[in-house]
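Participant: build me a model:
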Amino acid sequence: MGRRPAFDARPSDTSTRLAVALLGYFVLVTLVITLTPFDFARRPVHLSWIMAPSDIVANIALFLPIGFLLRSLGVRWTRRVRHAVLFAAAFSLLLETAQIFIAGRFVSPIDLATHTPGAYLGVLLR
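Facilitator: This is a model prediction of the structure:
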């Protein structure tokens, strides 16, 4: 019978399941935070270019766990830094696009520009 090596570099099934569950939770929380009050209707597009330091820090902190957990999945396509960051950037773009249809919300390219480095920082911390 073959013996298992003392150190297995592959993530266990339990850690992968935990990473998937936590990632799902953080994605759900991010959706609720950014898309509340869920009043979707066609509205004129308003871009916001306001850069408040607290908003920048909050946006980075919002996507940091998403980048961390994407890298923790153990899935081949998220092991590469570039792929995990591109996935998080696409999610951010989806959120910003959805905000077009919500009253009182503004599409902000600054949010996309701060979400992506937040995810990158999470990937690097992993």
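
Participant: could you measure from the closest residue to residue 46 other than its chain neighbours over to residue 51?
Facilitator: With C-beta to C-beta, 6 or more residues apart in numbering as the criterion, residue 46 has its nearest non-adjacent residue at 4.9 Å, and that residue is residue 106. Placement of C-beta: from N, CA and C, glycine included. For residue 106, the distance to residue 51 (C-beta to C-beta, to the nearest Å) stands at 13 Å.

Participant: neighbour count winner among those two?
Facilitator: Set residue 106 next to residue 51 and count neighbours by other C-beta atoms under 10 Å: residue 106 wins out with 15 against 11.

Participant: give me the phi and psi for the more buried one.
Facilitator: Torsion angles at residue 106 (phi, psi; degrees, to the nearest 10) stand at phi -130, psi 140.

Participant: list the buried residues in the helix or strand residue 122 falls within.
Facilitator: Assigned by DSSP states H and E, residue 122 belongs to helix 109-125. Judged by neighbour count using 16 or more other C-beta atoms under 10 Å, the buried positions of helix 109-125 are 110-112, 114-123.

Participant: cool, stretch 15-31 as well?
Facilitator: By 16+ other C-beta under 10 Å, the buried positions in stretch 15-31 come out as 19, 22-23, 26, 30.

Participant: just stretch 60-74 next, same as before
Facilitator: Neighbour count says stretch 60-74 has 60, 62-74 buried, by 16+ other C-beta under 10 Å.
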